[in-house]
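> let me see the structure of the following:
(one chain, ligands or ions: 1)
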Amino acid sequence: MDTNKRLFEYIATSPTAYHAVAHTAALLEVEGYTELEENKKWELQRGKGYFVTRNGSSLIAFRVPRDDYRGFMMTAAHCDSPSFKIKENAVLSDGKYTRLSVEKYGGMLCSTWLDRPLSIAGRVMVRTQGGIETRLIDFGEPCALIPNVAIHMNRNANDGMAYNAAVDMLPLIGEDKKEGASFIERVAALADAKAEDIITTDLFLYAPDEGVEWNGFISAPRIDDLQCAFASLKAFVDSGNGDSMPVYCLFDNEEVGSRTKQGAASTFLFDVLMRTVSALGGSDEDYRCKVASSFLVSCDNGHAVHPNHPEYADKNHSVLMNGGVVIKYNANQQYTTDALSSAVFRLVCEEAGVPVQSYANRADMPGGSTLGNIANTQVSLNTVDIGLAQLAMHSAFETAGADDTEHLIKALTLFFGKSLCTEQSGVYKLI
Ligand code: CO
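Take a look at the predicted model:
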């Protein structure tokens with residue numbers, strides 16, 4: 001199966017961060033990786049691969065080198081996407097229509113969520129004999145829709161529309177008069193539980209559209225950031241072993257600032273790295289030496305120059321889909337890239353035969369931030385912010401370059417097998 005077909009499959013099985021982590025864990029298990037629990041003592045074997053999850057929505061995987069190792073060669077991507085979270089008391093009935101009460105998760109382009117079949121997925125907490133059990137559910141088919149107001153009733157609809165999330169964005173899920181299972185009964189059936197045993201839920205709307213490849217482009221929901229999550233996972237699994245420990249990170253909550261117990265601003269990465277060092281008999285000092293000989297590639301998609309609005313791109317830093325890996329720069333360090341980290345990563349891409357493009361925002365447009373600078377507040381190390389160029393970021397259906405998934409896989413496969421050597425002061429070498 002070709003790479004983008006596999007990517008579409010990964011996106012389809014990852015409607016929420018919980019599903020992305022469960023699916024990634026299953027793929028790692030097939031590859032022989034063993035799951036570790038955060039609440040149990042770790043016993044690691046050299047030459048083996050492991051992964052650990054937090055909250056069921058972030059995951060870190062690593063391979064223990066056979067011999068002593070220099071540092072950590074790491075990637076980070078995020079598995080959450082802008083969406084609408086279904087509120088606790090969800091069902092709104094007015095005698096005619098049944099709608100769901102929702103609130104925004106992250107900053108989506110609201111208009112793209114209108115007039116398209118939507119589905120619902122997430123996790124539910126079920127009361128069982130053994131205690132509170134987490135179960136993932138996915139309606140897996142269209143079951144909601146947010147209708148536009150007809151142009152006849154809103155003649156200004158094409159002149160810039162303000163969307164009020166509490167009014168305009170409530171999804172319709174059915175007719176009030178219709179007999180049948182209630183919303184919570186449907187949720188319970190999917191969770192294989194009785195409605196009265198559903199204690200609480202974390203459910204989200206999602207776009208169930210399948211990905212399509214067309215004229216050199218790919219279009220699908222959640223390309224930001226599942227394209228990078230998928231490419232870095234494939235590279236991690238396929239890569240050879242070098243003198244360092246390869247580490248793959250998948251973080252939840254990037255779209256809401258990462259400041260959660262499982263986000264990039266949490267202690268999750270620090271905890272995992274520190275525990276690998278101590279489980280292998282290393283000290284605090286060993287941990288610090290290793291981190292100083294490590295490198296992080298923060299992978300999150302960037303903005304391709306827009307065909308109808310090239311003026312939003314910086315003149316010398318407009319990047320194109322299918323133009324290769326994008327290195328992102330920002331003077332205020334919203335992107336962590338600096339001359340050193342960029343130089344290191346450029347040489348990786350050069351060796352891998354992967355083209356590189358440079359991105360910076362127009363100096364009068366603030367742009368976004370991503371994982372790198374946030375992860376550095378907990379584990380501080382040389383980091384480069386990169387991504388793949390895409391259009392319509394935070395749309396319910398995004399577009400990217402068909403060749404770029406493979407570009408990133410190639411660059412990162414080489415990267416994971418490398419080590420950062422700094423034995424001569426001030427001179428950095430990848431070996
Ligand atoms: Co992103």
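> tell me the helix or strand right after the host helix or strand of Leu347.
Secondary structure from DSSP states H and E places Leu347 in helix 339-352. Counting by DSSP H and E, the next helix or strand C-terminal to helix 339-352 is strand 356-360.
> for that following strand, packing partners?
strand 325-329, helix 339-352 (3 or more CB pairs under 8 Å, 6 or more residues apart in numbering; DSSP states H and E). C-betas here are computed from N, CA, C, even on glycine.
> hey, which of those is tucked in deepest?
strand 325-329 (a mean of 26; mean count of other CB atoms under 10 Å).
> any idea how far that one is from the chain center?
Put simply, strand 325-329 sits 17 Å off its chain's centre (CA atoms, centre = their mean, to the nearest Å).
> what's it in contact with?
Here strand 325-329 makes contact (CB atoms under 8 Å, 6 or more residues apart in numbering) with 302, 317, 319, 335, 337, 342, 345-346, 349, 354-360, 370, 384-389, 404, 407-408, 411.
> ok, now with 6 Å
For strand 325-329, the external contacting residues (CB atoms under 6 Å, 6 or more residues apart in numbering) are 302, 319, 335, 337, 342, 349, 354, 356-360, 385-387, 389, 407-408, 411.
> excluding its backbone neighbours, what's nearest the residue in the stretch 251-400 of the chain that the ion sits nearest to?
Of all residues in the stretch 251-400 of the chain, Asp300 sits closest to the ion, at 4.2 Å by CB to the ion. Nearest residue to Asp300 in three dimensions, chain neighbours excluded: Thr370, at 4.1 Å (CB to CB, 6 or more residues apart in numbering).
> what about the one you found, neighbour count?
28 (other CB atoms under 10 Å).
> ditto for Glu141
Glu141, neighbours per other CB under 10 Å, totals 9.
> what's the spacing between it and the ion?
27 Å (CB to the ion, to the nearest Å).
> so who does Cys110 touch?
Neighbours of Cys110 in contact, by CB under 6 Å, 6+ apart: Tyr163.
> let's go with 7 Å and repeat that
163, 169 (CB atoms under 7 Å, 6 or more residues apart in numbering).
> from Glu38, how far out is it?
37 Å (CB to CB, to the nearest Å).
> next one: Leu233
For Leu233 relative to Glu38 (CB to CB), the value is 21 Å.
> the more surrounded of these two?
Leu233 (26 against 12).
> regarding that one, what is its secondary structure?
helix (DSSP: H, G, I helix; E, B strand; the rest coil).
> swap in the one 3 residues further on?
Recorded secondary structure, Phe236: helix (three-state DSSP).
> verify the stated contact: it with Pro246.
Yes. Applying CB atoms under 7 Å, one finds Phe236 in contact with Pro246, separated by 5.9 Å.
> please enumerate the shared neighbours of those two.
With CB under 7 Å, 6+ apart as the test, Phe236 and Pro246 both reach Phe416.
> returning to what we had before: could you tell me the per-residue confidence at the residue nearest to Asp300?
The model reports Thr370 with a pLDDT of 87.
> do Ser119 as well
Ser119 carries a pLDDT score of 98 in this model.
> cool, Thr422 as well?
According to the prediction, Thr422 has pLDDT 81.
> can you give me the helices in the chain?
Here the chain has its helices, by DSSP state H, at 3-12, 17-30, 183-190, 223-238, 268-279, 284-292, 339-352, 371-375, 404-416.
> quick one: the fourth one to strand 325-329, angle?
Translated: helix 223-238. Helix 223-238 and strand 325-329 are oriented at 120 degrees to each other (axes from the mean of the first three to the mean of the last three CA atoms, to 10 degrees).
> quick one: residues in contact with helix 223-238.
7, 10-11, 14, 20, 24, 27, 31, 61, 75, 77-79, 81, 246, 248, 250, 299-301, 387-388, 390, 393-394, 398, 400, 405, 408-409, 412-413, 416.
> quick revisit: number of residues surrounding the residue of the stretch 251-400 of the chain closest to the ion?
27.
> make sure it is actually in contact with Ser369.
No. Taking contacts as CB under 7 Å, Asp300 lies outside contact range of Ser369: 9.3 Å.
> Ala220: what's its closest spatial neighbour, skipping adjacent residues?
Gly211 is the one closest to Ala220 (CB to CB, 6+ apart), at 3.3 Å.
> what's the spacing between the residue lying closest to Leu250 once chain neighbours are set aside and the ion?
In space, and not counting its chain neighbours, Leu250 is closest to Leu59: 4.6 Å by CB to CB, 6+ apart. Leu59 is 17 Å from the ion, where distance means CB to the ion.
> quick check: Leu59 touching Tyr50?
No. The pair Leu59 / Tyr50 is not scored as a contact, 11.0 Å apart, by CB under 7 Å.
> give me the more crowded residue out of the two.
A count of neighbours by other CB under 10 Å puts Leu59 above the other of Leu59 and Tyr50, at 28 against 20.
> what's across from that one in the sheet?
Thr53, Leu250 (DSSP bridges).
> mind pulling up the pLDDT for it?
98.
> any idea how far it is from His23?
For Leu59, the distance to His23 - CB to CB - is 10 Å.
> got it, and Ala157?
Counting by CB to CB - Ala157 and His23 are separated by 38 Å.
> so for these two, which sits in the more crowded spot?
Set Ala157 next to His23 and count neighbours by other CB under 10 Å: His23 wins out with 20 against 14.
> so the more buried one sits against Ser14, correct?
Yes. Here His23 reaches Ser14: they are 5.6 Å apart, a contact under CB under 7 Å.
> if I look at whichever residue of the stretch 1-150 of the chain sits closest to the ion, how far off is Asp115?
Closest residue of the stretch 1-150 of the chain to the ion, CB to the ion: His78 (5.7 Å). As judged by CB to CB, His78 and Asp115 stand 28 Å apart.
> one more: Ala264?
Counting by CB to CB, the gap from Ala264 to Asp115 is 34 Å.
> which one's more surrounded, the two?
Between Ala264 and Asp115, counting by other CB under 10 Å, Ala264 is the more crowded of the two (29 against 10).
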